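[1] here's my sequence, what's the structure:
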Amino acid sequence: MENTKELRTWLDDMNLSHPLVIAGPCSAETEEQVLKIAHELKDSDVSYFRAGIWKPRTRPGMFEGVGEIGLRWLKKVKEETGMKTCTEVANAAHVKLAIENDVDLLWIGARSTVSPFIMQEIADALAGTDKIVLVKNPVNPDLALWLGGIERLYTAGIKNLGAIHRGFSTYEKTKYRNTPEWQLAIEFQNKFPDLPLINDPSHITGNREMIQEVSQTALDLNFDGLMIETHFDPANAWSDAAQQVTPTKLKSIMEDLTIKKLTDTAASYREPLESLRAQINVVDDQLIDLLGKRMQVADKIGGLKKEQNVAVLQSRRWNEILGNMVLEGDSKGLSEEFILKLFKAIHQESINHQEKIING
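    So this is what the prediction gives:
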């Protein structure tokens, strides 16, 4: 994928005055439900109506989608509202049925992206199509795997491509359902700036109250659009109830989001500046998180030293760390003065933590 400028064609052709918006229920439940939501979204910024027809679920026995009949409901959505439609595909059979039922956009889910075999099967089934195909990031934070899946589709001759950032699984407890790992999305953009990138705040947050916050961060980082799960009765949705918003709430979110205007005076300066500042915010949050984890380890060391009656300050170990960090910092373009000040402050905080444990 050396020249990806051609990959933006489908998005540029839409000539939108706002970011691309994909919205609709997590799952198609009934024909009435699908059409009711679609009609409520008709006069909004939504360009594509989404609905899960086949639902990959973690455990058997859970609702796994209505199947092929749901594709007929999507056809009715297009006929009655004029909105284009999209759904997730996970194998060649899904691709065949979706194309036969004139679904406009297909996306490949995180559970499928992790498997090169599944991605190749889907690529072979899609070969030669002019459908738009979006690839969600894999469940684990593996940029190479994400890019590899997209490259398989590109090699199969599919040019209307894009990616969806839906966050990554983690064993650690965080406020997110799937941690955004914004730095991976930023790296993705840096590698392929011409590949459209859509954010999925629904799956990142797992919480409708956080949708706007994550959507704004995505727009600040120059994402091309949003995929937001929408249901007229989210609390009683058959899947992912906690992360869906009502059509009314979606419209409110879109109105409140700050979207940069290309025609503003000096936009050539302000827009990249805001994007860079958003990146700084992401990295700063990661730094605080890492420092917190470092101090948790320091607490454990303090506990061990207390048990064994060992002194807090270990000068030899400290000098070793400092020397290594100065060399490492130099390789990253960081001055010795800065590294010394930074790590002396970190070391002092670590000593404070250990002393509190020992004296506690």
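
[2] does Ile198 sit in a helix, a strand or a coil?
    Using DSSP: H, G, I helix; E, B strand; the rest coil, the secondary structure recorded for Ile198 is strand.

[3] next, count neighbours for it.
    For Ile198, the neighbour count with other CB atoms under 10 Å is 23. Any C-beta I mention is one placed from the backbone N, CA and C, and that applies to glycine too.

[4] wait, it sits on Ala185?
    No. Counting by CB atoms under 8 Å, Ile198 stays clear of Ala185, with 10.6 Å between them.

[5] now do the shared contacts for these two.
    His165, Phe223 (CB atoms under 8 Å, 6 or more residues apart in numbering).

[6] tell me the domain ranges of the protein?
    Domain assignment for the chain by automatic domain parsing gives 5-256, 267-359.

[7] pLDDT of the helix or strand harbouring Leu276, averaged?
    Using DSSP states H and E, Leu276 maps to helix 267-308. The pLDDT scores in helix 267-308 average 91.

[8] and what of stretch 17-36?
    Averaging pLDDT along stretch 17-36 gives 96.

[9] got the buried residues for that stretch?
    19-29, 33-34, 36 (16 or more other CB atoms under 10 Å).

[10] that stretch: end-to-end distance?
    For stretch 17-36, the first-to-last residue distance is 26 Å (CA to CA, to the nearest Å).

[11] give me the distance from it to the chain's centre.
    On the basis of CA atoms, centre = their mean, to the nearest Å, stretch 17-36 sits 19 Å off its chain's mean C-alpha point.

[12] next: stretch 13-27.
    On CA atoms, centre = their mean, the centre of stretch 13-27 falls 16 Å from the chain's centre.

[13] relative to the strand or helix carrying Ala23, what are the paired strands and their orientations?
    Secondary structure assigned from DSSP H and E places Ala23 in strand 20-24. Note on strand 20-24: by DSSP bridges, its sheet partners are strand 48-50 (parallel), strand 225-229 (parallel).

[14] secondary structure element for the residue lying closest to Gly149 once chain neighbours are set aside, which one?
    Spatially, and ignoring its direct neighbours in sequence, Gly149 is nearest to Met119 (4.4 Å; CB to CB, 6 or more residues apart in numbering). Taking DSSP H and E as the definition, one finds Met119 inside helix 116-126.
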